[in-house]
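Engineer: This is a predicted model, with the sequence first.
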Amino acid sequence: MKLLYFAWLRQRTGLAEETVSPPAEVRTVAELVEWLRGRGPGYAEAFADLRPIRVAVNQEFARFDTAIGPGDEIALFPPVTGG
Amino acid sequence: MKLLYFAWLRQRTGLAEETVSPPAEVRTVAELVEWLRGRGPGYAEAFADLRPIRVAVNQEFARFDTAIGPGDEIALFPPVTGG
Amino acid sequence: MTGSDGTATCRIDIAVQTEDFDVGAAITAAAAGDHGVGGVASFVGLVRDQGGGEAVSAMTLEHYPGMTEKALRTIADEAARRWPLDAVRIIHRFGRLLPGERIVLVVTASAHRDAAFDACRFLMDWLKTKAPFWKQEETPDGERWVAAKAEDDIAADRW
Amino acid sequence: MTGSDGTATCRIDIAVQTEDFDVGAAITAAAAGDHGVGGVASFVGLVRDQGGGEAVSAMTLEHYPGMTEKALRTIADEAARRWPLDAVRIIHRFGRLLPGERIVLVVTASAHRDAAFDACRFLMDWLKTKAPFWKQEETPDGERWVAAKAEDDIAADRW
C-alpha cells in the first residue's frame, strides 16, 4: 500500500510518500489513519484532527469510509487551494 | 440640425447624414420623424413603423419624446447588434 | 489598485478600429505593474460561418463614429462603479470581417475572480444592447441586417 | 463543432507545468479552424502580492503528479457534458512563482457567449475545490499554507 502526503501533512509526517503493510483488519481509510496514529508522535500529531484532512484513493477523491486494499495508492492532504 | 441614419435606415433613406431645418413647431424626435415622413416616399417608407427604430440625440441614447433644437445631432437607427 | 489618495482607480482603455488586435498583449497589459490583480477575465467575440440557419460568408460592422467610443466608455465606467476593478479593456472592430475573425475583446482585471467574471459578462451584455454597432451578414440569399435578439435585452436587463 | 457522426465534439487540452504559458496563443487555438465558434471566454489567475492581510513575496504550488491531470480532465469533461463547447483548454502551473506571475489559464470556446462564460466560470470554481493543488505563501512572518475558503466551496456547489 502506497501512501502519499501533501502540503502540511507532508511536513508534519516528514514524508512525501511511503509504502506500508498495515494488518489485514485495516479495511478503510479511517482504519488506516487510526493505525498510522500508533506509528509515532509525528503521525499522531499530523492526524490528531481529521476535519481538515481530505483523501484520495487511487488518484480519485474518496472518503474516510472508502474501502482500501494492499495494492492501493492512498493520498492524505489538506483541502485543495489551487486555481 | 444634423441627422444621421445607420444600417437599414441609411439604406432606405438613401442617406448617411443630412442637415435639415425643420419648422419651429418640431420640438421632439417624434415630431421630427413626422416631419421627415412628409419629405418623400423614401422617408415615408423608412419611418412607416417606429417600433424597430431607436434614437440618439447628441450621441446619447434618447427617446421619441426627447426635446430637440436647431443645434442638435440626431441619429436614427435600428436596435444595435454589436458585440 | 488603490490610488495615493486611498480611492480605488481603474484603468480604462477603449478602442474602436478596423485592425485586428493582440489578445494576449491586452490581457497581459490589464495586470501589468499591478500585483494586486488576482484574476483577469476576458471574452473574444468572433464571426461565425452561420447565422439564423444560413451560411455566412462575411460580416460588415457599421458603427456611429463619435458616439461609439463614448458609449463604450460609459459602459466601462459603469462596470468600474459596480465592481472593484483594476483595469477594463474594450476593443471593438468595424468594417468587413470574415468567419473566424475577431470582432470584439473585453478584458477585466480585479483582485478577485468573481468581480472579474461578473464585470466581463456585464460588459458584453451591455455592449450588445447599448453600443451603436450594426451587423450585416452576407449569405447565399444576399446581404441582410442581423436582427436584435430579445434574449440580449433580457441579458442586459438582469444587471 | 459537430463530428462526422453528427455528435458534438469538444477539443480538450490539459497541461500541468512549471513554465509560463502564452495566453493569446491558447485563446486563438481554441477557435482555430472552427468557424462555428462565436465566443471564447478565458480566465487567468495571477499571484497577488498580498493574502490574508499580509504581504506575499512568493508562492509555491504543490500538486499531486498523476492525479492532477486526471482531475482537471474530469472537470473539463463535465463542462463539455453540461455546455455545448467546441474547445476547453486548462493550463495550471506548479512550483515557485512571484507576484504578478500567471498561475492558471482556463479557456472555453462555444458558438454562444453564455455557454462560454458559464463553462469558464464553472471550470475555475470546480478547479479550486476539486484539483489537487496546494498553495504556500512566503510572508514577512514566514511560510504559511493558504487555507481553503468556505466561499470557494459555495461557489463550486452552486453548479
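Structural biologist: Right, received. Where do you want to start?
Engineer: any idea where the strands of chain C begin and end?
Structural biologist: Using DSSP state E, the strands of chain C run over residues C:11-17, C:39-46, C:50-51, C:54-55, C:58-63, C:85-93, C:95-97, C:102-110, C:133-139, C:142-145.
Engineer: Can you give me the pLDDT of the residue nearest to C:Gly95 when sequence neighbours are not counted?
Structural biologist: Leaving aside its sequence neighbours, C:Gly95 sits nearest to C:Thr18 (CB to CB, 6 or more residues apart in numbering or on different chains; 4.3 Å). Quick note: C-beta positions are derived from backbone N, CA and C, even for glycine. As predicted, C:Thr18 sits at a pLDDT of 98.
Engineer: how many neighbours does C:Thr18 have?
Structural biologist: 10 (other CB atoms under 10 Å in any protein chain shown).
Engineer: Which part of chain A gets nearest to chain C, residue-wise?
Structural biologist: Taking CB to the nearest CB as the measure, chain A has A:Gly83 as its residue closest to chain C, at 8.1 Å.
Engineer: helix or strand for that residue, which one?
Structural biologist: Under DSSP states H and E, no helix or strand contains A:Gly83.
Engineer: Go ahead and confirm it touches D:Ile103.
Structural biologist: Yes - here A:Gly83 lies in contact with D:Ile103, judged by CB atoms under 8 Å, at a distance of 7.4 Å.
Engineer: Quick check: neighbours shared by those two?
Structural biologist: By CB atoms under 8 Å, 6 or more residues apart in numbering or on different chains, A:Gly83 and D:Ile103 have these common neighbours: D:45, D:92.
Engineer: what about the residue most central in space within chain C, distance to C:Ala150?
Structural biologist: Chain C has C:Val106 as the residue nearest its centroid, 3.9 Å off, counting by CA atoms, centre = their mean. Taking CB to CB, to the nearest Å as the measure, C:Val106 falls 22 Å from C:Ala150.
Engineer: Just the pLDDT for the residue in chain C that chain A sits nearest to.
Structural biologist: Chain A sits closest to C:Arg113 of chain C, with a gap of 8.1 Å, by CB to the nearest CB. On the pLDDT scale, C:Arg113 is placed at 96.
Engineer: can you tell me how far the nearest residue to it once chain neighbours are set aside sits from C:Phe122?
Structural biologist: Closest residue to C:Arg113 apart from its sequence neighbours, by CB to CB, 6+ apart: C:Gly39 at 4.1 Å. From C:Gly39 over to C:Phe122 the distance is 15 Å, taken as CB to CB.
Engineer: what's the single longest helix in chain A?
Structural biologist: If you go by DSSP state H, chain A has its longest helix at helix A:29-37.
Engineer: Now tell me what touches the next helix or strand after that helix from outside.
Structural biologist: Using DSSP H and E, the helix or strand that follows helix A:29-37 in sequence is helix A:41-46. If you take CB under 8 Å, 6+ apart as the criterion, helix A:41-46 is touched by A:5, A:9, A:12-14, A:36-38.
Engineer: hmm, 6 Å instead?
Structural biologist: Here helix A:41-46 makes contact (CB atoms under 6 Å, 6 or more residues apart in numbering or on different chains) with A:9, A:12-14, A:36-37.
Engineer: just checking, what packs against whichever helix or strand comes after it?
Structural biologist: Under the assignment DSSP H and E, the closest C-terminal helix or strand after helix A:41-46 is strand A:54-57. Packing partners of strand A:54-57 (3 or more CB pairs under 6 Å, 6 or more residues apart in numbering or on different chains; DSSP states H and E): strand A:73-77.
Engineer: Name the residue of chain A that lies nearest to chain B.
Structural biologist: Nearest residue of chain A to chain B (CB to the nearest CB) works out as A:Gly83 at 28.0 Å.
Engineer: Let me know the distance separating that residue from C:Ala119.
Structural biologist: 19 Å.
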